[in-house]
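# with the sequence up front, the predicted model follows.
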Amino acid sequence: MNQIPMQYFNLAKENYFKYGLSVIQLIQIGKFYELWHEPDTRSRQQAHTQAELLVEPSMRSRPLEVTPPIEQIASLLDMRIISPGKRSLLQMGFPIYSLTTHLSTLLDKGWTVIVIDELVTGKSGPKQRAVSQVYSPSCNLENCLELSYVLSIYFSQDDLLGITLFSAMNGHSIMFPVSWADRDKVGRLLISYSIKEIVIWVDSGGGSEILINKIYNLLIGWNLFPSEPNAKIEVMGEALTNLPCYLSYRYENNNKEWLLLHIYMGIHAEWFNKNYQEYTLSKIFQSTWTENVNQVNLISLLGVLQFIKDRNPNLIKNLQLPECYTSPISPLNLILCNRAEYQLDLVPKRGKLGGLLSLVDFCSTAMGKRLLKLRLLNPITDYYELNLRYEEIATFKQLIGKKTFDNSELKHIKDLSSLHRQWAICASSDTTLPPKKLSQIYHSYLFASQLISKLISKKGINIQLPLSVGPQLKSLIEEIGRVFQVDSLTGDFKDVLQPTGNLTNLLAQQQILRAQLTEWAEQTSNIVFQDTISIKVECFNKEGYAFSISSKKLTKLEHYMTNASISDNSIIVLGKRGSYLIITSPAIHKVSIELNLLEEKINTYVKQTYSRELKRLYFNYSELFLPLENMISRLDVALSGAIAAVKFNYTKPCLVLTKSQQTKGLIEAINLRHPLVEQLNSQEECVAHNISLGDRGVLIFSVNGAGKSTLLRAIGVSVILAQAGMYVAADSFRLRPYHYLITRILGGDDLHKGQGTFEVEMRDLSTILKLANYNSLILGDEICHGTEVSSGTAILAATIERLTAAQTSFVLSTHLHQVFSLIDSPVQCYHLSVIQQEYLGLIYERKLKPGPGPSQYGIEVMGHIINDKKFYNSALKYRKLINWEPPSRSESSSLTVFRPSKYNAQVFIDSCEICGAPAEAIHHIQPKKLRSRRLNRRSNLVPVCSSCHLDIHRNKISILGWKRTPGHKKLYWVYLNESLDSGTE
């Protein structure tokens, strides 16, 4: 094998064990980057299903086939693979300038890209090459709309986890400890961050399958590892056999996002040394701050810093101090439980459309978009901050209404968070910030300054701007303009500086030498060809400065020089470019050498001065950067909120204060709408509802498809919008902030945990009961529908009793009508109305009306979906049989003892006299207002079930009284109306 491929594959093997199985190497060959593969070599990667990874190795089947990386990359980039000549080597590649275009695609799919560049040595012989850059999904600063994070987890031996979230893009990090028992709390936090790589550190020399499975299950619970048993996971070939010190995985999570997982079995001993921790971290962060930080946090932080340093040492320079917390849960936030962000469609799962964030996002900057997402997924409870956000939106809404403000400045501001980070890295290393990036920074500053000036000029606006940002920004803009030629930053590098001092002298010398060559060319051309364009001065890559002339005219030039007694040796042909020849002479060559040396001197001076001035400006003004970024982000989000409020007719929430110390949550909404439903369903008007939640919870009944789930989501979404500091889809919205929002809307099995629907329901119900208090809001859709009716009804009744006792705000929807007659709690009861008309059929009116509504409706709804009259009648027949069938009693069983009525001891609560079901109440045939005397006489009392009792009070059933027959007395009653929603409540 050729020496270059041998070096390539040796390096590939080394990088595989250093960076993991996702490595692809791009080697520079001339003007191309190429990827190589040996077709007959055994693949280092293996693949298993998620289910197989969770069982013991002896029970696993053979690994799945893994497509070679070169084939995956070729398919991803839509390129061809070739095998040149007779070599057994597969190759693909692309031009060097295309790397930035393809890089984001590769990183998005979970690849780690290693770039091997040719070295400029100035020596003859074989090209020397070396690794110039390592890009991983979390270590890339180019063209990132989202902040990519590395999640670092340290597993201590006492079941305490050290968690660090680190973003190389802006140098931001968060760290906190969490016990194994509280690990579920972390999952609620992680949804706010775009995690691309996971690094796990285990304090153990050798791994065990039990520990590895523990890691799998932890990540599955955090939605960072596939929960689908058939999900394909790529694994290091050696990882599942002898459990080495380093394990690497590549896979798609449940949201179809590619992740890389790195597990390191064993930790450097010095990481546990306090002196080492203090010295290393104070050196990196330029501050002493580790004294009161938990040990597990420091080890987790050291781990992620080592991980980043191995890929790009510059990325751990000029970092912000980490945000250190004692818990993943902040008391100042509304905690979203049971994955409420997905149950309420706040953010769409990858590959799916929609989501509340997409609807209300009118931000113009990448910084604003990130802040909006962060606010939406991390609502707060702070009254002052919420009112401040409301006022900012109100101000922009007023300006929009007057048509005196728009996003014309914001839309031109680039991602300063990323640009400042790149500037910070260059200020502390030997790398150089490209002038194009400086141009983006400068023009973003100009528009930011214009934005500040515009806001200051508006009288009576209620927006707080940092006092020092405006003056400092103007000063920085002036300094950049004084040092650099801002209009030339996107052009030639040698033109980036303002020509002052030494540079002016150097440029003057350069101009004199260029003018001399130009004069020689024009004079000769004029004498020989009677024009000034036949001979031109050009600068060539290899030849330097020389003349160009056509082949035909060179003969005439040589003839002229011969006749003029000028030696032929004075013309030297250096080469050919197309139809033109490159010529020089001793005199021209001498000037060319002088020019080349001078330009090299100019370039060196420009580069050194450029870098020096950038470092000076950074260290003089770096304290401005974060306040400026925060100000722009905040203004962008406020303007976005105002645009959404105007476009969708949202209203400003009103925060309700309380005089007591017990700040119980409260909602009072008039004409509340679901923001997504009203925009997506344009064929019918969105029905608005009045909601009051405070002292009493709400129980909602309705026909299938009438909109129970939509109403629950509308309440949840509105609370989140309001506590994120945004306007709400309602005519009026009064709120006392909640601390917990617990949803149970999406049901189904949990295949990963082997739990059926009812088990999942009970698991969620356990969370509800644990967190239920006066600061909690519970939204439950058909809780307990996964088991038989009697148990489900009993559990639901007990749930309502517990939530009421805890003074919890709750809205529960159900089809279990019997629960209404069981509960004594002060619960509001409503139903969503449906009308059945003879010609139009079933009409979803969707209005929230008092009372439980009809108790039997499934067959009627089915009849409008399944157009089969015979099947419909058959279902009706069986329902009547079920309703009229008397309670079955075994002949061998003892007689059931029925309880006497409290109204009359001679009347027993046995079976319902209408349908035969077990009776649960006594109904007065004539109410007290019509029969003041002998109200509780036996002839005026009827045992009924809860369903029939409701139908009586809804005027669906009319009881005519007891009538004597030849055999016994019988209750006479009739149906008054077959409508699903008629009569009085």
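Nice, I can see it.
# give the contact list for residue 199.
150-153, 262, 264, 303-304, 307 (C-beta atoms under 8 Å, 6 or more residues apart in numbering). For glycine as for every other residue, the C-beta is placed from the backbone atoms N, C-alpha and C.
# for the record, mean pLDDT for the helix or strand where residue 130 lies?
Assessed by DSSP states H and E, residue 130 sits inside strand 129-135. Averaged across strand 129-135, the pLDDT comes to 91.
# and the helix or strand following it, what does it pack against?
Once the chain leaves strand 129-135, the next helix or strand it forms, by DSSP H and E, is strand 148-155. Where contact means 3 or more C-beta pairs under 8 Å, 6 or more residues apart in numbering; DSSP states H and E, strand 148-155 is packed against strand 160-167, strand 194-202, helix 209-221, helix 295-311.
# per-stretch mean pLDDT over these, give me the minimum one.
Among the helices and strands packed on strand 148-155, helix 209-221 has the lowest mean pLDDT, at a mean of 87.
# residue 781 pairs with what?
Applying DSSP bridges to residue 781 gives these bridge partners: residue 813.
# that one contacts residue 764, doesn't it?
No. At 10.9 Å, residue 781 does not count as touching residue 764 under the criterion of C-beta atoms under 8 Å.
# touching both of those two, which residues are there?
Common neighbours of residue 781 and residue 764 (C-beta under 8 Å, 6+ apart) are residue 744.
# how about the strands in the stretch 251-400 of the chain?
Under the criterion DSSP state E, counting those that start in this stretch, strands of the stretch 251-400 of the chain are mapped to 258-265, 323-324, 335-337.
# for residue 464, give its distance to residue 384.
12 Å (C-beta to C-beta, to the nearest Å).
# neighbour-wise, which of the two wins?
Using other C-beta atoms under 10 Å as the criterion, residue 464 and residue 384 rank with residue 464 on top: 11 against 8.
# grab the nearest non-local neighbour of the more buried one.
In this structure, residue 464 finds its nearest non-sequential neighbour in residue 388, 7.3 Å apart by C-beta to C-beta, 6 or more residues apart in numbering.
# how far off centre is the strand holding residue 130?
30 Å (C-alpha atoms, centre = their mean, to the nearest Å).
# for the stretch 51-200 of the chain, which spans come out with low pLDDT?
85-87, 122-125, 143-145 (pLDDT under 70).
# follow-up on the earlier one: for residue 632, which of the helices and strands packed on strand 148-155 is the nearest?
strand 160-167 (18.1 Å; C-beta to C-beta).
# where exactly do the strands run in the stretch 701-850 of the chain?
Using DSSP E, counting those that start in this stretch, strands in the stretch 701-850 of the chain cover 732-736, 740-744, 776-781, 809-813, 828-837, 841-850.
# wait, which of those is closest to residue 188?
Minimum separation from residue 188 across the strands of the stretch 701-850 of the chain (C-beta to C-beta) falls at strand 740-744, 10.4 Å.
# mind listing the strands the closest one pairs with, and their directions?
Here, using DSSP bridges, strand 740-744 pairs with strand 335-337 (parallel), strand 776-781 (parallel).
# pLDDT score for residue 884?
59.
# ugh, typo on my part, it should be residue 26
95.
# helix, strand or coil for it?
strand (DSSP: H, G, I helix; E, B strand; the rest coil).
# sorry, back to before: and the angle for the strand holding residue 130 with helix 295-311?
For strand 129-135 against helix 295-311, the angle by axes from the mean of the first three to the mean of the last three C-alpha atoms, to 10 degrees is 140 degrees.
# partner strands of strand 129-135 and their direction?
Partners of strand 129-135 in the sheet, by DSSP bridges, are strand 112-118 (antiparallel).
# counting neighbours, which bits of the partner strand end up buried?
112-117 (16 or more other C-beta atoms under 10 Å).
# now the terminal residues of stretch 744-757, how far apart.
Using C-alpha to C-alpha, to the nearest Å, the end-to-end distance of stretch 744-757 comes to 12 Å.
# any stretches of the stretch 451-600 of the chain with poor pLDDT?
564-569.
# rerun at 90
Filtered on pLDDT under 90, the stretch 451-600 of the chain yields the residue ranges 457-468, 490-495, 499-510, 514, 517-592, 596, 599-600.
# surely residue 113 is in contact with residue 26?
Yes. Using C-beta under 8 Å, residue 113 is in contact with residue 26, at 6.4 Å.
# who touches both of the two?
With C-beta under 8 Å, 6+ apart, residue 113 and residue 26 have no common neighbours.
# any chance of the helices and strands packed on strand 148-155 in CSV with distance to residue 656 as columns?
Output for those, formatted as CSV (distance: least, C-beta to C-beta, whole Å):
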stretch, distance to residue 656
strand 160-167, 35
strand 194-202, 36
helix 209-221, 36
helix 295-311, 39
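# buried residues in stretch 908-918?
Residues of stretch 908-918 classed as buried: 909, 911-918 (neighbour count, 16+ other C-beta under 10 Å).
# do stretch 541-559 as well
For stretch 541-559, using 16+ other C-beta under 10 Å, the buried residues are 543-549, 553-554, 557.
# stretch 696-714 now?
Neighbour counts over stretch 696-714 (16+ other C-beta under 10 Å) mark 696-703, 706-714 as buried.
# how long is it from one end to the other?
19 Å.
# let me see the mean pLDDT of that stretch.
Mean predicted confidence for stretch 696-714 is 85.
# same check on stretch 267-282?
The average pLDDT for stretch 267-282 rounds to 91.
# what residues does stretch 294-306 touch?
150, 152-154, 156, 160-164, 166, 173, 175-177, 199, 201, 264, 267, 271-272, 277, 280-281, 284, 290, 316, 322, 324, 326.
# using CSV, list the CA coordinates for it.
Output of stretch 294-306 as CSV, limited to C-alpha atoms (Å, rounded to 0.1, in the frame of the first residue of the first chain):
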residue,chain,number,x,y,z
ASN,A,294,-19.6,20.0,45.6
GLN,A,295,-16.9,17.5,44.7
VAL,A,296,-19.0,15.6,42.2
ASN,A,297,-19.6,18.8,40.3
LEU,A,298,-15.9,19.6,40.0
ILE,A,299,-15.1,16.1,38.7
SER,A,300,-18.0,16.4,36.2
LEU,A,301,-16.7,19.8,35.1
LEU,A,302,-13.1,18.6,34.8
GLY,A,303,-14.3,15.7,32.7
VAL,A,304,-16.2,17.9,30.2
LEU,A,305,-13.2,20.3,30.0
GLN,A,306,-10.9,17.4,29.2
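# quick one: distance of it to the chain centre.
Using C-alpha atoms, centre = their mean, the offset of stretch 294-306 from its chain centre is 25 Å.
# need the residue closest to the centroid of this structure.
residue 194 (5.4 Å; C-alpha atoms, centre = their mean).
# what's the nearest residue to that residue if we skip its chain neighbours?
Closest to residue 194 by C-beta to C-beta, 6+ apart is residue 146, at 4.4 Å.
# domains of the protein?
3-135, 148-324, 654-853, 899-975 (the TED database).
# so for residue 437, which of those sits nearest?
domain 3-135 (12.7 Å).
# list the contacts for residue 200?
Here residue 200 is in contact with 152-155, 215, 261-264 (C-beta under 8 Å, 6+ apart).
# so of these, which two are at opposite extremes in space?
154 and 261 (15.0 Å).
# comparing those two, which residue is more hemmed in?
With neighbours defined as other C-beta under 10 Å, residue 154 and residue 261 compare such that residue 154 has more, 28 against 23.
# beta partners of that one?
residue 162, residue 201.
# which residues touch it?
Counted by C-beta under 8 Å, 6+ apart, residue 154 has contacts 161-162, 200-201, 203, 267, 296, 299-300, 303.
# are any of those residues buried, and which?
161-162, 200-201, 267, 296, 299-300, 303.
# which residue is the nearest non-sequential neighbour of residue 417?
Nearest residue to residue 417, sequence neighbours excluded (C-beta to C-beta, 6+ apart): residue 170, at 4.8 Å.
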